[in-house]
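S.K.: Need coordinates for the following:
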Amino acid sequence: MTAPGPGGPGNSAFPSSLRGVVLIGLAVVVVIIGLQILDDSGTGSSASSSTGSTTTSSGSEVPPPHANRSEVAVKVYNASDVQNAGQQTTDKLQSDGYKMLPTANFNTTQKGTIVECRPGYEGDGVVIAGFAIDNGATAGPFPGNPPAGSEEANCIVILGTE
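M.R.: Coordinates of the predicted model:
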């Protein structure tokens with residue numbers, strides 16, 4: 001039979017609440033180290049906690065997304081040849097809180113989906129591409145020769161085939 005610990009039977013030198021805090025602290029450190037390792041790999045997008053900005057896979061820093069998504073006007077163009085794909089994406093983004101402009105169709109198909117945003121909205125583009133659409137979509141700058149009907153849009157989404 002073993003002798004009870006310093007605090008009496010069933011008690012250890014450290015109370016369970018202190019052990020819990022230490023374990024949570026260790027878990028946070030492990031997550032931070034893991035994120036740093038992933039960030040150093042140079043792939044994908046990552047958030048920078050020190051500046052509040054977002055870094056794209058090309059390494060360019062963009063402003064953080066708007067906290068109020070209703071301030072971001074988005075127009076979806078369907079270039080996928082899938083009927084109603086543009087409206088479905090518009091409905092999803094609207095349910096996510098974005099201000100949606102009427103959907104339009106392109107006469108040609110495009111491979112891949114891209115979200116293109118005006119300066120100051122690049123962080124929103126990263127969020128829309130990576131989380132709201134999440135089909136391998138990429139984020140990029142607003143085109144120099146934007147499609148018709150995008151005058152009021154902060155971001156445009158061009159849905160393409162996968």
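S.K.: For the helix or strand harbouring residue 116, which strands pair with it and how are they oriented?
M.R.: Taking DSSP states H and E as the criterion, residue 116 maps to strand 114-117. When pairs are called by DSSP bridges, strand 114-117 turns out to pair with strand 138-141 (parallel), strand 155-159 (antiparallel).
S.K.: which of those strands sits most buried?
M.R.: Ranked by average neighbour count under the criterion mean count of other Cβ atoms under 10 Å, the strands paired with strand 114-117 are headed by strand 155-159 at a mean of 26. (Each C-beta comes from the backbone N, C-alpha and C, glycine too.)
S.K.: And the protein, what are its domain boundaries?
M.R.: 16-61, 69-159 (automatic domain parsing).
S.K.: hmm, back to that, between the strands paired with strand 114-117, which gets nearest to residue 108?
M.R.: Comparison of those against residue 108 by Cβ to Cβ identifies strand 155-159 as nearest, at 10.7 Å.
S.K.: Tell me how confident the model is about the closest one, as a mean pLDDT.
M.R.: Per-residue pLDDT values over strand 155-159 give a mean of 97.
S.K.: do stretch 124-144 as well
M.R.: Here the mean pLDDT over stretch 124-144 is 92, rounded to a whole number.
S.K.: can you check stretch 24-44 too?
M.R.: With pLDDT averaged residue by residue, stretch 24-44 scores 56.
S.K.: Tell me the helix or strand right after the strand holding residue 116.
M.R.: Going down the chain from strand 114-117, the next helix or strand is helix 122-127, by DSSP H and E.
S.K.: Contact partners for the residue lying closest to residue 103 once chain neighbours are set aside?
M.R.: If you skip the residues right next to it in sequence, residue 103 has residue 86 as its closest partner in space, 4.1 Å away by Cβ to Cβ, 6 or more residues apart in numbering. Contacts of residue 86 were listed using Cβ atoms under 8 Å, 6 or more residues apart in numbering, and they are 76-78, 80, 103-105, 159.
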